[in-house]
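Any chance you can model this:
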Amino acid sequence: MKKTTKPPALPDKTETRQLKCAFTNEETLQMGRELAQCRVQAQGIAEEFDQVKATFKARQAMVDASAGVLSASINAGYELRMVRCRVEFDAKAGRKAYYAEAAPADALPLCVEDMTSEDYQVELLPDAASTKDTGYKDSEAIELWPEAGEDRGLMTVARGDVTGKWCAALSLVVGNTRLDERMGVGKHFKQRADAVKSTAERALNWIEVTLGAEVAQGFKEPIYKAIESHRERAE
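Okay, the predicted model is just below:
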């Protein structure tokens, strides 16, 4: 009878393979922390993406708006611009004509309009010594800043004969820009100091709008000195 030979015993060995392993409490807690961090990061990325989208959307809207304005201007064939004009009055006809400031005497007017009640107000010149025939009295010229070459800043303040209220007009020249107002067009005040303050601040605002805040900064000190010097003046 033939004997069966047993296979030789194999030695143990170490091997790495993938097996199902239950998490420990510590592992579960750590993964929970990491999950929370991931969700916070995801939310931050989503918000950042929304901001980027909003920025590009705003830029697109600006471009679309500019394109719309240009398209409308091309279709219309004109645009409204601020143009310095010489105004000629025809009180008999009650009409006023606007000409380009440097237009020759025989030029056609840019437009013609009806005169308003303000247009009939008499202009009070800064050096007027008497206002007997103008409807104003107690007039005085106030220097808002020292004259330098062609540059000047003058305000004329006066009291209305009928109303007894104070008003003021400006005559300003700064470089190539100027402003000449007609007396009585602006606001009227019960107190002289209020008329001076409001009109002086209006002069400063005109400089800022016309020439910029940096230029206006250089005029603040003399203008506010003029306001202060007339604050306590007797009326």
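
hey, let's count contacts and neighbours off CA atoms from now on
Noted.

What helix or strand is Glu27 located in?
Element membership for Glu27, per DSSP states H and E: helix 25-76.

And the next helix or strand past that helix?
Counting by DSSP H and E, the element after helix 25-76 in chain order, helix or strand, is strand 85-90.

how far is the very next helix or strand once past that following strand from where the chain is centred?
The helix or strand immediately downstream of strand 85-90 is strand 95-100, counting by DSSP H and E. From the chain centre to the centre of strand 95-100 is a distance of 30 Å (CA atoms, centre = their mean, to the nearest Å).

Buried residues of strand 95-100, list them for me.
Within strand 95-100, the residues that qualify as buried are Lys96, Ala97, Tyr98, Tyr99, counting by 16 or more other CA atoms under 10 Å.

wait, what's in contact with Ile223?
Ile223 makes contact with Leu144, Trp145, Ala200, Glu201, Leu204 under the criterion CA atoms under 8 Å, 6 or more residues apart in numbering.

Among those residues, which lie within strands?
Leu144, Trp145 (DSSP state E).

tell me the mean pLDDT over the helix holding Glu27?
Averaged across helix 25-76, pLDDT comes to 88.

Please, which helix or strand holds the residue lying closest to Val196 once chain neighbours are set aside?
Nearest non-adjacent residue to Val196, counting by CA to CA, 6 or more residues apart in numbering: Ile227, 6.4 Å away. For Ile227, the host element (DSSP H and E) is helix 213-229.

same deal with Pro11?
Secondary structure from DSSP H and E places Pro11 outside every helix and strand.

Can you list the low-confidence ranges for the protein?
Scanning the chain for pLDDT under 70 picks out the ranges 1-4, 117-134, 184-186, 232-235.

what residues go with each domain of it?
25-77, 85-118, 122-229 (automatic domain parsing).

any idea which of those is most buried?
domain 122-229 (a mean of 17; mean count of other CA atoms under 10 Å).

Centre of the chain to that domain, how far?
How far domain 122-229 lies from its chain's middle: 23 Å, per CA atoms, centre = their mean.

ok, back up a step: output the domains of the chain in TSV; the columns should cover distance to Pro7.
Converted to TSV, these look like this (distance: least, CA to CA, whole Å):
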stretch	distance to Pro7
domain 25-77	44
domain 85-118	119
domain 122-229	103
